[in-house]
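Colleague: Sequence plus the predicted model coming up.
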Amino acid sequence: MRDVFVRLYNDGLIYQGDYIVNWCPRCHTAISDLEVEYDERNGFLWQILYPFAEGDRGVVVATTRPETMLGDTAVAVSPGDKRYEDKIGRIVILPLVNRRIPIIADDLVSMEFGSGAVKVTPASDPNDFAIAERHRLEVIKIMDGSAVINENGGVYKGQDRYECRENVLRDLEKGGYLVGKEPYVHSVGQCYRCKTDIEPMVSKQWFVKIKPVAKKAIAAVVKGKTKLLPATWESTYFEWMNNIRDWCISRQIWWGHRIPVWYCDTCGKEIVSTKDPTLCPDCRGNSLKQEEDVLDTWFSSALWPFSTLGWPDKTKALKTFYPTSLLITGFDILFFWVARMMMMGLYAMKDVPFRDVYLHALVRDEEGEKMSKSLGNIIDPIEMIEKFGADAFRFTLAAFTAQGRDVRMSEERIAGYKHFVNKIWNATRFTLMNLEDYPGGDVHVEKGDESLPDRWIKHRLNITIDEVVGSLNEYRFNDAASSIYQFVWHEFCDWYLELIKPTLYGKSDPAKRLAAQHTLFTVMKATLKLLHPFMPFVTEEIWQTLVNDGSSIMVSEFPAPDDGYQDPLADSRMGIIMGVISSIRNIRGEMNIAPSRKLKVVIATQEERSLEVVGTGAGYIVNLANLNNLVVDRSEEEPNNAATGIIGAIKVFVLLEGMDTAGEKARLEKEMARVNKDLMIISKKLANRDFMAKASREVIEKEEEKFRGIKEKHDVLETALKRLQNMA
RNA sequence: AGGCGGGUAGCUCAGCGGGAAGAGCGCCACGCUUACACCGUGGAAGUCACAGGUUCGAAUCCUGUUCCGCCUACCA
């Protein structure tokens, strides 16, 4: 901390001066611009008459803070304002105080606001202070550190600022100077720590000349040496950094790092040093007094990325870890801390402190309000954890964290993910039950013993791993979370576990059973690892019981895509079988057939490949669609009393004795309507000359393919409907 | 005042380097089938804020309008 201060000082980037700062009358300290919070207030805009010294009427000024008039040293008007052109340079008498003050012209004054004339109180307003500097006006402080009027306030001495306001108003009114009052909403700065109204006040403070340092921090982001993510934050960062003002780093509080500056009692020399000096280098005097002010806590915080690694020593840690790879933080800390770490890192280390800065979403309450203690709308994470579990809560946060958006926390969503944790737990129970006799260790499984579902689920797992890894690399946590969710629930649990149940339960084929167990174990382990960053507790617990070799999932290797798992053929075969099963289930559901009733089904197709896939997968279809009879053939003949389903080139007939023909007709017509709509859209497209001429060949082929598929479906539906007509 | 983000199914939100609208929850129907009723199967549900434009084609790109949220600055 001292090292940086001394270097900045020697480089001429630290200076001390009388400036107007944000002063907290309760904390008795200056605070930085960033530490001021603004609050809308219903107040008044008062109009006060300042008479000319010559005795004629005078000018009217408007103010929200009449009490500050005690410190007025001028009245300012806009240079281009015709109304006041001839009055510039004249003298007015400040009411109640009887001070003679000039009328001056300054660009800062707007002609439109109020009366067009503004009172100038350099010691109590930042703008007025700037005007005073330009016009060399006197600066009269009228308050002490507690915002109580001092001796410059004459009879009002000893009054609090708000008490004084009332008295000043009363006296102005009495003297006939108060000429107007209207309700006015304006914002008042408050101390972010204690909420006391800030009093802009002139005092001696230490500042960092920030522009030169900020310039480098801007360039680092422009050049991409540090990336802000989501990238939209970069424009916000630039906006702020380009308009940055000098940083007030001194504080008048009793805690914190004292500024490493000493004053010689003998000759008044200012000594700036990293080590406590004992002698004045100039006069050899030994009576030295250290500066009373301490540093803004953000000053040392800004050094965090390298000071924690041992700087200024050239430590191994510093060499190894600086620049760090990633900082994750909230956007509200971007200026407070991130920008300052950037500036100080570049200054002291000549390199950025971090490669990536990920600005995560802010969690808001269910109404989208920012949580705050005073609003009382804090969602306590501990309560959520007690109610839904740490893993469900954590997973929810990840699932909600889409880039560039804030999170509106909703308990319903957390509850949904609690169910997901439960689902995982139950899948684990299933796995444990069915692995009881699994030998473990290096089980050898012949490729040929692996079933279609085994190959399929590994293929899907591989895709999931690829998606999750890709999403995490881009900080797309919500995409990673939904990929895992989708895989675990809707592929692994919904399909794979159901598909292998007969193999696991029946002990007729030990080799296939072992292969299924092996796949189950393998996929389960990889899934747990994928889930672990999102659900650390449950996954570790399961790992300990399932793997049970004394290892921790925390230190296991994160899954990486494995080409050996790729099996697009299994994927497409499984897709056909799943399509057939879904189609039968759909008919069952729509025709209101009880889930327990076993069905007879005929599957017909002229396509050899489909015939083969459905034929070899018949067992899965019988099982998952709950059939007691399945015929697969290439016959063109279509059975009567059958509900029809279509999956590409495959026709599915669910045989129903005494079928509800009206119900089936309605079902087919609904499907037909959907098909017709699609058909119309696509045929219109294909009939469009411009489309055929201008669209890419890929797109056209895709559309034509789509058209063929839908047309096929349309024809099947048509014949099925005709058959129903004939039956009736 | 300036900047940024958003308005997509009843709710909370994905999709937005243009080619048939997605998820979770909720809702409806049917089911206690030896992992799970915190479940299973099926289903209904959207003029993608509005108006123009670019394009063969727009939720997706451009312009404008409107409403909401946030940030920064100022406010005599």
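Modeller: Cool, the structure landed. Since the model is a prediction, treat every value here as computed from it, not as a measurement. Residues are numbered from 1 along each chain as shown, chains lettered A, B, ... in the order given.

Colleague: residues contacting A:Gly55?
Modeller: A:Gly55 is in contact with no residue at all, counting by Cβ atoms under 8 Å, 6 or more residues apart in numbering. Where C-beta positions appear, they are placed from N, C-alpha and C, glycine not excepted.

Colleague: how about the residue nearest to A:Thr274 when sequence neighbours are not counted, what does it touch?
Modeller: Sequence neighbours aside, A:Arg2 is the residue nearest to A:Thr274 in space, at 4.4 Å (criterion: Cβ to Cβ, 6 or more residues apart in numbering). By Cβ under 8 Å, 6+ apart, the residues touching A:Arg2 are A:257, A:260, A:273-274.

Colleague: Show me which of those are buried.
Modeller: A:Pro260 (16 or more other Cβ atoms under 10 Å).

Colleague: Among the contacts of A:Arg2, which lie within strands?
Modeller: In strands, defined here by DSSP state E, there are no members of the contacts of A:Arg2.

Colleague: how close does the closest residue to RNA strand B within the stretch 501-650 of chain A sit to A:Leu504?
Modeller: Closest to RNA strand B within the stretch 501-650 of chain A is A:Gly589: 2.5 Å, counting by Cβ to the nearest atom of the strand. Per Cβ to Cβ, to the nearest Å, A:Gly589 is found 27 Å from A:Leu504.

Colleague: Same question for A:Asp406.
Modeller: 46 Å.

Colleague: and A:Leu630, what does it touch?
Modeller: A:600-603, A:618, A:621-622.

Colleague: got the domain boundaries for chain A?
Modeller: Using automatic domain parsing, the domain ranges for chain A come out as A:2-15+A:209-360, A:21-202, A:383-552, A:570-727.

Colleague: Save those as a markdown table, and put in mean pLDDT too.
Modeller: Shown next, in a markdown table, are the domains of chain A (pLDDT from 0 to 100):
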| stretch | mean pLDDT |
| --- | --- |
| domain A:2-15+A:209-360 | 91 |
| domain A:21-202 | 89 |
| domain A:383-552 | 92 |
| domain A:570-727 | 91 |
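
Colleague: one step back: looking at A:Gly589 and A:Leu504, which has the bigger crowd around it?
Modeller: A:Leu504 (18 against 10; other Cβ atoms under 10 Å).

Colleague: what helices or strands is the strand or helix carrying the more buried one leaning on?
Modeller: Secondary structure assignment for A:Leu504, by DSSP states H and E: helix A:498-505. Judged by 3 or more Cβ pairs under 8 Å, 6 or more residues apart in numbering; DSSP states H and E, helix A:498-505 is in contact with helix A:452-473, helix A:510-531, helix A:618-624.

Colleague: Confirm A:Val538 sits in a helix?
Modeller: Yes. A:Val538: assigned to a helix according to DSSP: H, G, I helix; E, B strand; the rest coil.

Colleague: give the contact list for it.
Modeller: A:389, A:391, A:421, A:424-425, A:531.

Colleague: What of A:Lys598?
Modeller: A:626-628.

Colleague: center of chain A - which residue?
Modeller: The centroid of chain A falls nearest to A:Ala361 when counting by Cα atoms, centre = their mean (1.7 Å).

Colleague: Spit out the contact partners of it.
Modeller: A:400-402, A:405-407.

Colleague: List, one by one, the residues from the stretch 451-600 of chain A near RNA strand B.
Modeller: A:478-479, A:482, A:485, A:489-490, A:493-494, A:497-498, A:501, A:505, A:582, A:585-586, A:588-590, A:592, A:594-596 (Cβ under 7 Å from any atom of the strand).

Colleague: Narrow these to just the buried residues.
Modeller: Looks like those have A:478-479, A:482, A:485, A:493, A:497, A:585-586, A:588 buried, using 16+ other Cβ under 10 Å.

Colleague: I'd like the residues you listed written out as TSV, with distance to A:Leu229 added.
Modeller: Shown next, in TSV, are these (distance: Cβ to Cβ, whole Å):
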residue	distance to A:Leu229
A:Asn478	14
A:Asp479	14
A:Ser482	19
A:Tyr485	23
A:Cys493	33
A:Leu497	38
A:Arg585	43
A:Asn586	43
A:Arg588	48
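
Colleague: when you check these against the helices, which ones overlap?
Modeller: A:478-479, A:482, A:485, A:585-586, A:588 (DSSP state H).

Colleague: hmm, back to that, so which of the buried ones among the residues of the stretch 451-600 of chain A next to RNA strand B is the closest to A:Arg340?
Modeller: Within those, the smallest distance to A:Arg340 is 29.9 Å, found for A:Asn478 (Cβ to Cβ).

Colleague: Do I have it right that the closest one meets A:Gly404?
Modeller: No. Under the criterion of Cβ atoms under 8 Å, A:Asn478 makes no contact with A:Gly404, lying 11.2 Å away.

Colleague: what's in contact with stretch A:9-18?
Modeller: With Cβ under 8 Å, 6+ apart as the criterion, stretch A:9-18 contacts A:5, A:8, A:139, A:202-209, A:212-213, A:249, A:272.

Colleague: Give me the buried entries from those residues.
Modeller: Taking 16+ other Cβ under 10 Å as the criterion, what is buried in the contacts of stretch A:9-18 is A:5, A:8, A:139, A:202-203, A:205-208, A:213, A:249, A:272.

Colleague: so the closest residue in space to A:Thr545 that isn't next to it in sequence is in which element?
Modeller: Once flanking residues are discounted, A:Thr545 sits nearest to A:Leu432: 6.9 Å by Cβ to Cβ, 6+ apart. Assigning secondary structure by DSSP H and E places A:Leu432 in helix A:411-434.

Colleague: Can you point out the buried residues in that helix?
Modeller: For helix A:411-434, by 16+ other Cβ under 10 Å, it's A:413-414, A:416-418, A:420-421, A:423-424, A:427-428, A:430-431, A:434.

Colleague: re earlier: tilt between the helix holding A:Leu504 and helix A:510-531?
Modeller: Computed with axes from the mean of the first three to the mean of the last three Cα atoms, to 10 degrees, the direction of helix A:498-505 lies at 130 degrees from that of helix A:510-531.

Colleague: thinking again about what came up before, just the buried ones out of the contacts of A:Leu630, please.
Modeller: A:600-603, A:618, A:621-622.

Colleague: nearest to A:Leu288, of these?
Modeller: A:Ile621 (92.4 Å).

Colleague: Check which helix or strand the residue nearest to A:Phe707 when sequence neighbours are not counted maps to.
Modeller: In space, and not counting its chain neighbours, A:Phe707 is closest to A:Ile682: 4.9 Å by Cβ to Cβ, 6+ apart. Counting by DSSP H and E, the element that carries A:Ile682 is helix A:661-687.

Colleague: Show me what that helix is packed against.
Modeller: Checking 3+ Cβ pairs under 8 Å, 6+ apart, helix A:661-687 ends up next to helix A:568-590, strand A:642-647, helix A:697-727.

Colleague: among the ones you listed, which is the most enclosed?
Modeller: strand A:642-647 (a mean of 23; mean count of other Cβ atoms under 10 Å).

Colleague: by how many degrees do it and helix A:661-687 diverge?
Modeller: Using the same axes, to 10 degrees: strand A:642-647 against helix A:661-687 is 30 degrees.

Colleague: Check the stretch 151-300 of chain A for the residue nearest RNA strand B and tell me.
Modeller: For the stretch 151-300 of chain A, Cβ to the nearest atom of the strand, closest residue to RNA strand B: A:Ser187, 2.8 Å.

Colleague: For that residue, which residues are in contact?
Modeller: By Cβ under 8 Å, 6+ apart, the neighbours of A:Ser187 are A:38-41.
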